[in-house]
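> need a structure here:
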Amino acid sequence: MSFDDEDAAPEVSKPTVNGAVLRVIVALFVVGLVAAVVQWERGHIASPVPELPPPSAADESFQLASTAAEGGIELTWRQDPRATEYRVEVSDARGVVLATLGPVIEPHLLIATAQVPGAASGAPVTCRVLALRSGEMLSESAKQDVTLP
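Next up, the predicted model:
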């Protein structure tokens, strides 16, 4: 019996090129499989948060119209389907906002002179409508020049 054999280190196989290539191929296969599963889940599992429809070019500047009405100016506009409320800004000729009216739920508002501090009857003002959802501005109308009654 020889003590040299007992104290000798066990033989360890040396890495081979074929073994390294096999490990790389297995790793790439696992990564590809995980990516395929993630893509499949994205397509088949509904998002918990409903997505808003993307705005179209027409929604970016929705139509605003004004007509003289008894007691003030009636503003009307085309609804933004994404909006839950609107705010109407009334500015003077220099662009200084005199009043912010709202929140308005329906796509129309009667503006009386008394609602616009600092503006007199017959004064030219500019109105614009902001479409909002949860307080976040989604779109705005073009400015509309009107004369207060």
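> for the longest strand out of those in the chain, buried residues please.
With DSSP state E setting the assignment, residue counts place strand 124-133 as the longest strand in the chain. Buried positions in strand 124-133, judged by neighbour count with 16 or more other Cβ atoms under 10 Å: 125-132. Backbone N, C-alpha and C define where each C-beta goes, glycine included.
> Thr76: which of those is nearest?
Nearest to Thr76 among those: Val129, at 9.6 Å, using Cβ to Cβ.
> so what's the closest one up against?
Val129 makes contact with 62, 64, 75, 77, 86-89, 140-141 under the criterion Cβ atoms under 8 Å, 6 or more residues apart in numbering.
> that older thread, tell me the gap between the longest strand of the chain and the middle of its chain.
20 Å (Cα atoms, centre = their mean, to the nearest Å).
> mind listing the residues bridging to Leu75?
Under DSSP bridges, the beta-bridge partners of Leu75 are Ser66, Leu109.
> quick check: next helix or strand after the longest strand of the chain?
Next along the chain after strand 124-133, taking DSSP states H and E as the criterion, comes strand 136-140.
> which ones are touching Gly95?
Thr126.
> so what's the backbone phi/psi at it?
Reported as degrees, to the nearest 10, the phi and psi values for Gly95 are phi 90, psi 0.
> 850 is where my numbering starts, stick with that
Sure, I'll start numbering at 850, so the last one becomes Gly944.
> where's it relative to Arg977, distance?
With distances taken as Cβ to Cβ, to the nearest Å, Gly944 is found 11 Å from Arg977.
> helices or strands up against the longest helix seen in the chain?
Counting by DSSP state H, the longest helix found in the chain is helix 866-893. Contact here means 3 or more Cβ pairs under 8 Å, 6 or more residues apart in numbering; DSSP states H and E; on that basis helix 866-893 packs against no helix or strand.
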